[in-house]
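J.: coords below, sequence missing:
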């Protein structure tokens, strides 16, 4: 299972970025290979409009099966993400990536659509 | 550090009056004015600017007259009628150009560039109350964007972390578009300020769809609650159905316009009357955040 997190940094101890579209990084953990990687999304700061759909596109290219974030994507981003087989879990704002992964495994994060 | 967004959907509900009153009593708070199209918190908080930064957003076409072969293709394809023949070559009307970039891509001699536009400034200021305010000012005709709101919020959060503040209060932008999404994104609590008119109710319902999508807990303040009891009841039905906390109902009060006329917050205008009320609202919101 490939899991993507919206994060403010590139490691397990980085904080979750509660924002979807304007998240600084997307941290990806592959449970099968136990490898981590990240997408640097910081150039999104230069995008005036449509940040959500652009970030959704970037996530789409990496094809994770799970997304863990804070508030969850807005309407336009959600409609792009709905095109892929992706489960979205929200409510991880204020946690580190590690804590968010634990909370997800413990079934403590609400699942969005 | 917690982030609270004040938002209304409809204009004229008293959102900024509420934001300014809360700014007057709030301690441990950085205010962020993200209503950048018509920023007005500074009229009451009278900030003394400490830092200013030019803000760039969006592009506009510029034609290099030395390269232009005057073929006229750009004028023919511009949907906004922004390009016309002037003298020996073509030129762009900056006000009409929407920055779509079609002309840039189609120009056979690469004479058209798309430089990023400076559309305003963002500021970090100290208010007359001694608190900190992050705000921005756009040039005439420039539009607010998610980018600018994200910038104002980022500066406010960094300032709060740096100075050890517990709260960032965001005066949100109107409507439900990109700047509002950017205002709401990352928030811990939303205070919806509405009024009992049909558009007050309708616009609050629309903006609440966004709040719901982002799964942010919300409270509602009904201003001018006595001007139409029937619609006030409908607002209450709606917020009950949606699990929104009723934070307060404030009757119509001419102190609102009078205070603004004097450039004061309600709490400054009549402390005996308004301070206890906004202290209570502040307590209710803080309780929801813990």
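T.: Alright, I've got the coordinates. Model, not experiment: these values are computed from the prediction.

J.: Please work out how many residues are found near residue 61.
T.: If you meant another chain, say so; for now it's chain A. Counted with other CB atoms under 10 Å in any protein chain shown, residues neighbouring residue A:61 total 8. In this view, the C-beta of every residue, glycine as well, is placed from N, C-alpha and C.

J.: The intended chain is chain B.
T.: For residue B:61, the count of nearby residues is 25 (other CB under 10 Å).

J.: show me the contacts for it.
T.: B:74, B:82-83, B:92, B:97, B:99, B:101, B:103-104, B:112-114 (CB atoms under 8 Å, 6 or more residues apart in numbering or on different chains).

J.: how about a cut-off of 6 Å?
T.: Residue B:61 makes contacts with B:92, B:97, B:103-104, B:112, B:114, as judged by CB atoms under 6 Å, 6 or more residues apart in numbering or on different chains.

J.: and if you look at residue B:221?
T.: Residue B:221 sits next to B:193, B:247-248 when contact means CB under 6 Å, 6+ apart.

J.: Output the residues you listed in a markdown table, with neighbour count, secondary structure and pLDDT appended to each entry.
T.: Converted to a markdown table, the contacts of residue B:221 look like this (neighbours: other CB atoms under 10 Å in any protein chain shown; DSSP: H, G, I helix; E, B strand; the rest coil; pLDDT from 0 to 100):
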| residue | neighbour count | secondary structure | pLDDT |
| --- | --- | --- | --- |
| B:193 | 27 | strand | 96 |
| B:247 | 21 | strand | 97 |
| B:248 | 18 | strand | 97 |
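
J.: quick one: residue B:222 from residue B:207, how far?
T.: Residue B:222 is 15 Å from residue B:207, where distance means CB to CB, to the nearest Å.

J.: and the nearest residue to residue A:12 once chain neighbours are set aside, backbone torsions?
T.: Leaving aside its sequence neighbours, residue A:12 sits nearest to residue A:98 (CB to CB, 6 or more residues apart in numbering or on different chains; 4.4 Å). Dihedral angles of residue A:98 (phi, psi; degrees, to the nearest 10) stand at phi -60, psi -50.

J.: before we move on, what about the one 3 residues further on?
T.: Residue A:101 has phi and psi values of phi -60, psi -40 when expressed as degrees, to the nearest 10.

J.: can you pull the contacts of it?
T.: If you count contacts by CB under 6 Å, 6+ apart, residue A:101 has none.

J.: try residue B:134
T.: B:32, B:124, B:152, B:155-156.

J.: Kindly report the same for residue B:49.
T.: Counting by CB under 6 Å, 6+ apart, residue B:49 touches B:123, B:125.

J.: hmm, 8 Å instead?
T.: With contact set as CB under 8 Å, 6+ apart, residue B:49 has these partners: B:123-125.

J.: Kindly report the same for residue B:46.
T.: B:127-128, B:263.

J.: That one and chain A, how far apart?
T.: Plainly put, residue B:46 is 30 Å away from chain A if you go by CB to the nearest CB, to the nearest Å.

J.: Report the separation between that residue and residue B:6.
T.: From residue B:46 across to residue B:6, the span is 19 Å (CB to CB).

J.: out of the contacts of residue B:46, which are buried?
T.: Among the contacts of residue B:46, those scoring as buried are residue B:127 (criterion: 16 or more other CB atoms under 10 Å in any protein chain shown).

J.: which one of the contacts of residue B:46 is nearest chain A?
T.: Closest approach to chain A among the contacts of residue B:46 (CB to the nearest CB): residue B:127, at 26.6 Å.

J.: so what's the spatially closest residue to the closest one that is not a sequence neighbour scoring on pLDDT?
T.: Once flanking residues are discounted, residue B:127 sits nearest to residue B:45: 3.9 Å by CB to CB, 6+ apart. Confidence at residue B:45, expressed as pLDDT, is 88.

J.: cool, and residue A:94?
T.: For residue A:94, the model assigns a pLDDT of 88.

J.: how about it, secondary structure?
T.: Following DSSP: H, G, I helix; E, B strand; the rest coil, residue A:94 is assigned to coil.

J.: if I read this right, it contacts residue A:16, doesn't it?
T.: Yes: judged on CB atoms under 8 Å, residue A:94 makes contact with residue A:16 at a distance of 7.3 Å.

J.: Spit out the residues that contact the two alike.
T.: residue A:70.

J.: of these two, who's got more company?
T.: The residue with more neighbours, out of residue A:94 and residue A:16, is residue A:16; 26 against 14, by other CB under 10 Å.

J.: Test of understanding: give the bridge partners of that one.
T.: Beta-bridge pairing of residue A:16, defined through DSSP bridges, involves residue A:7.

J.: neighbours of residue B:48, just the number please.
T.: 10.

J.: So for it, what's the nearest residue that isn't a sequence neighbour?
T.: In space, and not counting its chain neighbours, residue B:48 is closest to residue B:126: 5.0 Å by CB to CB, 6+ apart.
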